[in-house]
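**Student:** Have a look; sequence and predicted model below, questions after that.
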Amino acid sequence: MGMNKEIYRKHADELVRFATGVVGPFDAEDVVVDAWLKATNAKAWPTVTDHRAYLYRTVLNTARNSYRGTLRRRLREQKAAVPDIEYLVETDVDVLASLDRLSERQRAVVVLAYWESMTIAAIGRNLGISVGSVKRHLGRAKSSLRKDLSKEYLV
């Protein structure tokens, strides 16, 4: 148990930052705690050699499930809500809204590359995907962000 506390203390802050980039600030800590419980209760946990990478993958998978649940809840709330005319006025596209439109994997790669300053190889190791996949997700995310953020300048 003592070793688990040490592992948690060592990685908790960076995992919360990572989760914040994937699901937003309101759910990030809950996602990390849920992921921690899933990881440490998994049968494989005693044999894990790279705890950091295992935790990153578990946080991403937990974030995906959380994000899907949040999207389903938002859709239900939008269907039930009475539209507010002022809210329907078109607003400027901002970075957070653009990030929100990316897939979970694309958001994860962007967060690790730009907020955590990880190398492509480190991102691949931590997410359990190939370097080619990291590059592909990062390229697609950058392309999507460029299109989304440049709309405000189009006439």
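**Tutor:** On my side now, so go ahead.
**Student:** Quickly find the element holding the spatially most central residue of the chain.
**Tutor:** Geometric centre of the chain, nearest residue: V22, 1.9 Å, by CA atoms, centre = their mean. Here V22 sits within helix 2-23, counting by DSSP states H and E.
**Student:** what residues does the helix or strand that that helix is followed by touch?
**Tutor:** Moving toward the C-terminus from helix 2-23, the next helix or strand (DSSP H and E) is helix 28-41. Residues from elsewhere that reach helix 28-41, judged by CB atoms under 8 Å, 6 or more residues apart in numbering: 4, 8, 12, 15-17, 19-20, 22-23, 45, 54-55, 58-59, 61-63, 66. Yep, even glycine has a C-beta here, placed from its N, CA and C like the rest.
**Student:** Next, the angle helix 2-23 makes with helix 28-41.
**Tutor:** 140 degrees (axes from the mean of the first three to the mean of the last three CA atoms, to 10 degrees).
**Student:** Residue ranges in the chain under the pLDDT threshold?
**Tutor:** 1, 67-96, 151-155 (pLDDT under 70).
**Student:** please redo it, this time with the cut-off set to 80
**Tutor:** Within the chain, the segments meeting pLDDT under 80 span 1-2, 65-99, 148-155.
**Student:** Okay, domains of it per the record?
**Tutor:** As assigned by automatic domain parsing, the chain contains the domains 1-86, 90-155.
**Student:** sorry, back to before: may I ask you to confirm that the residue nearest to the centre of the chain is in contact with V110?
**Tutor:** No. Contact between V22 and V110 fails when scored by CB atoms under 8 Å: they sit 9.4 Å apart.
**Student:** Do a quick rundown of the helices in this structure.
**Tutor:** Applying DSSP state H to the chain gives helices spanning 2-23, 28-41, 51-80, 95-100, 104-110, 120-127, 131-150.
**Student:** okay, the ones you listed, which one's buried deepest?
**Tutor:** helix 104-110 (a mean of 23; mean count of other CB atoms under 10 Å).
**Student:** same for it, what does it pack against?
**Tutor:** Applying 3 or more CB pairs under 8 Å, 6 or more residues apart in numbering; DSSP states H and E, one finds that helix 104-110 contacts helix 2-23, helix 51-80, helix 120-127, helix 131-150.
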